[in-house]
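In: Build me a model:
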Amino acid sequence: MGPSLEEGTYQTGARFYTYYGVNGVFDASNVVDEDYNPTGGSVKSTGVDIRWQNGPRGQEGTDELAAPNGAFVEDVLYAAMQRLEFFNKSKYYDRGNSIAITKIQEAMQAMKHRSVERSARGVEGKHTV
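Out: The predicted structure follows:
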């Protein structure tokens, strides 16, 4: 099992900020519920305004998933990848872009594998580990 949130570190609805120096101030908030399940949050910086999925998409009593109400990590990975692919089709082609694209594709494959595995166990879209 991976790392877990320590009791008392997070509170329901609490916001936590991280600063990262790529594009000025980078504000990230990650919100958890009373059971320490991720329940949304946001990321903001110059030109960036992400609102994360708030809660699971699973619908009670069905295997159907509700429409998303926010972004998923996969969405942001895809957005970054398509931008790098755009650069590589222009005069800004660079080996570094190609390496980054490959690493993003690997990350997306890992996330897809996670989703397929969770779906096979019947826990996709639920606050179940």
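In: any idea of the mean pLDDT in the helix or strand hosting residue 109?
Out: Using DSSP states H and E, residue 109 maps to helix 95-120. Averaging pLDDT along helix 95-120 gives 94.
In: Which elements pack onto that helix?
Out: Counting contacts by 3 or more C-beta pairs under 8 Å, 6 or more residues apart in numbering; DSSP states H and E, helix 95-120 packs against helix 73-88. Placement of C-beta: from N, CA and C, glycine included.
In: tell me how far the helix it packs on is from the chain's mean position?
Out: With C-alpha atoms, centre = their mean, to the nearest Å as the basis, helix 73-88 stands 13 Å off its chain's centre.
In: Give me the helices and strands touching that helix, please.
Out: helix 95-120.
In: mind listing what the spatially most central residue of the chain touches?
Out: The centroid of the chain falls nearest to residue 73 when counting by C-alpha atoms, centre = their mean (2.2 Å). The contact partners of residue 73, taken as C-beta atoms under 8 Å, 6 or more residues apart in numbering, are residue 111.
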